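S.K.: compute the structure for the input listed below.
(one chain, ligands or ions: 3)
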Amino acid sequence: MQRLDWPALDVAAREAALQRPVQAVAGRTRDTVAAIIDEVRSRGDEALREISARLDGVAPDAFEVAEAEYEAAAASLSPALRSAIVDAAERIERFHRAGMVQPYSVETAPGVVCERMVRAIARVGLYVPAGSAPLPSTALMLGVPARLAGCRERVLCTPPRRDGSADPAVLFAAQLTGVHRVFKLGGAQAIAAMAFGTASVPRCDKLFGPGNSYVTEAKQQVAQGGSAAIDMPAGPSEVLVIADAGADAAFVAADLLSQAEHGPDSQVLLLSDSDALLDAVQGELAIQLAALPRADIARQALAGSRLVRVEALGDAFDISNAYAPEHLILALREPRAWLDRVDAAGSVFLGDFTPEALGDYCSGTNHVLPTNGAARACSGVSVASFQNFVSVQAASAAGIAGIGACAVTLAEAEGLEAHASAVRLRMGRAGSAQEAA
Ligand SMILES: NC(=O)c1ccc[n+]([C@@H]2O[C@H](COP(=O)([O-])OP(=O)(O)OC[C@H]3O[C@@H](n4cnc5c(N)ncnc54)[C@H](O)[C@@H]3O)[C@@H](O)[C@H]2O)c1
Ligand SMILES: N[C@H](CO)Cc1c[nH]c[nH+]1
Ligand SMILES: [Zn+2]
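M.R.: Numbers count the residues shown, from 1 in each chain. Ligands and ions are numbered 1, 2, ... in the order given. Next up is the predicted model:
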C-alpha cells in the first residue's frame, strides 16, 4: 500500500491519489464489452453459448435453472447456512419495508388535487456475481426489494460454475426471495441477454446488481443505448476508512482487507490524522494478509490502495466527499458527531463495532451501492429502485377557474398559444357552469 502525506502533495498528486484502478483500464474494457453486446444482440443464444464457453469455460445446453436443480441446491446446503440466509433476508426485508415510498395526494389549490401513484416495474433483471466468489447475499439484496416492490417478473442471471451448475446458495437465496427464473449466465453477455432478450432469456425493463468492470461497463452501455434502464454503476468494491488515533488498528486492517479480497481491482483507502495509527494498521495488514485464503487477490488490490496522513480529521471528510466512496467507515471516537460532514457515500458505518461486512450481509441495509464516484449523485438499491412513480392530477370546474389564469400567463410568455387556449376554453365553460349553478 502506498503511504502518502496529504499536506505535502500538489494538486496533480492529490488527483492521482484518488484515481480508481478501474479508470486505468476503462478503454480496453469498453471495447471488449461493446463486442460482446453486439454479438449477443445479433446472434442471441448461439452467441451466449460461444461466449460462455470462451469466458466461463462451459457452454450449457440450457441456460435456465430447472426445478430439480433448486431442490438439489437447497438440500446440499448446511442447515447453518440455510438459516443464516433466512435470518439475513428477514432483517433486509425489515429495513427495506420501513423505507418504502407511499402514494400521496395533496389539494394544491381549491378544486385541484395532485397525487402520486406507485407502480412496480414489470420485468426486472437481477445480476448476482459469481466470477471469483459466488455472492448469495447479493441475491438477497436484489430479490427482497424486488419482491416488496411487486415486480411481476423477476429474472436473475449468475455465472455458471465449471460443471455448468449454478451456485447452490445463490439458488436457495433466489428461490427464498421469490425470483421467478434463474439463468446460468455471467458477465457482459448476461447483461446483454437481459437487455435485448434472446430465445431463452426474456428482455427486461431494468437491470440491477453489482459486478466486475465488464458487468458494470455492459450495464452502462445498454443504458446509454436506451435498451434497458439500470440501477446505477455498481462495480468493483471500494472502502474508505477515516480513523482517529484511538481506532483499533486490527479492526481497521480487517475492514480494509474485507474489501480488498473481493477482487484485484477493489480499492481501499485509509485516512488518518495519526501517524502512529497508520503505522499500526500497516503492521496489522501484513499479519492478517498472510492468514487469508484469498491473499493473492487482496495483495493485488492493496497494491493500488493508499494510506493517507491528513493534517486534521476535517480534511479527511473533504477528501472523502471528493472521492465519494461506496463504503465509508468512521472509526472515530464520536462517529455520529461527524455524520453531518458526510455529503457523498453509498453507505456509512459508524464506530468500532460496525464493520462493513455487517452491512454486506445482514444488518439490513443494501450492499448494492454506487462505485467509481457515482455516490455523488446516485443512491444504493432500495424498493424505490424497482418502482415508477406516476403523478396524477384532477381539477374541477372551480379548480381551473382558480388557477387557469396562472397557466395562461405562463403559456403566453412561452409563445405556446394552443396551451393557453386549452386552458382558456375550459375557464370560459367553468365560469358559465358556475353562473348557472
Ligand atoms: N458495488 C457493489 O455494490 C458490489 C456488490 C458486490 C460485489 N461487487 C463487486 O462485484 C465484483 C464481482 O466480480 P467477479 O469477477 O467476482 O464476478 P462477476 O460475476 O461480476 O464477473 C464474472 C464474469 O466476468 C466475465 N469476465 C471475466 N473475465 C473477462 C474478460 N477478460 N473479458 C470479458 N469478460 C470477462 C465472465 O463472463 C464472468 O462470468 C467484484 O469486483 C466486487 O467488488 C460490487
Ligand atoms: N462488499 C460488497 C459490496 O461492494 C458486497 C458483498 C457481498 N458479499 C460480501 N460483500
Ligand atoms: Zn464485501
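S.K.: from here on, just use CA atoms for contacts and neighbour counts.
M.R.: Will do.
S.K.: what about this structure, any weak spots by pLDDT?
M.R.: Residues of the chain meeting the criterion pLDDT under 70: 22-25.
S.K.: tell me which residue of it lies closest to ligand 2.
M.R.: Of all residues in the chain, the one sitting closest to ligand 2 is residue 237 (4.1 Å; C-alpha to the nearest ligand atom).
S.K.: from ligand 1, how far off is that residue?
M.R.: 4 Å (C-alpha to the nearest ligand atom, to the nearest Å).
S.K.: show me what contacts that residue?
M.R.: Counting by C-alpha atoms under 8 Å, 6 or more residues apart in numbering, residue 237 makes contact with 259, 260, 262, 263, 265, 266, 267, 326, 371.
S.K.: cool, residue 105 as well?
M.R.: 113, 114, 115, 116.
S.K.: thought the first one was touching residue 106?
M.R.: This means residue 113. Yes - using C-alpha atoms under 8 Å, residue 113 is in contact with residue 106, at 5.7 Å.
S.K.: give me the more crowded residue out of the two.
M.R.: It is residue 113, of residue 113 and residue 106, that has more neighbours when counted by other C-alpha atoms under 10 Å, with 16 against 11.
S.K.: on the three-state scheme, that one is what?
M.R.: Following DSSP: H, G, I helix; E, B strand; the rest coil, we place residue 113 in the strand state.
S.K.: who in the stretch 301-437 of the chain is up against ligand 1?
M.R.: Proximity of the stretch 301-437 of the chain to ligand 1, by C-alpha under 6 Å from any ligand atom, involves residues 367, 368, 369, 370, 371.
S.K.: the stretch 101-250 of the chain now?
M.R.: So the stretch 101-250 of the chain meets ligand 1 at 129-133, 159, 186-187, 210-212, 214-215, 234-237 (C-alpha under 6 Å from any ligand atom).
S.K.: before we move on, the earlier item: generate a PyMOL selection restricted to the buried subset of the contacts of residue 105.
M.R.: Selection command for PyMOL covering only the buried members of the contacts of residue 105, criterion 16 or more other C-alpha atoms under 10 Å:
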select buried, resi 113+115+116
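S.K.: just give me the closest of the contacts of residue 105 to residue 405.
M.R.: residue 113 (17.3 Å; C-alpha to C-alpha).
S.K.: now the closest one. Nearest residue, chain neighbours left out?
M.R.: Leaving out its chain neighbours, the residue that sits closest to residue 113 by C-alpha to C-alpha, 6 or more residues apart in numbering is residue 107, at 4.4 Å.
S.K.: distance of that neighbour relative to ligand 1?
M.R.: 40 Å.
S.K.: again with residue 413
M.R.: From residue 413 to ligand 1 the distance is 46 Å (C-alpha to the nearest ligand atom).
S.K.: then residue 29?
M.R.: 8 Å.
S.K.: quick one: that residue and residue 213 touch, right?
M.R.: Yes - when contacts are counted by C-alpha under 8 Å, residue 29 is listed as touching residue 213 (7.3 Å).
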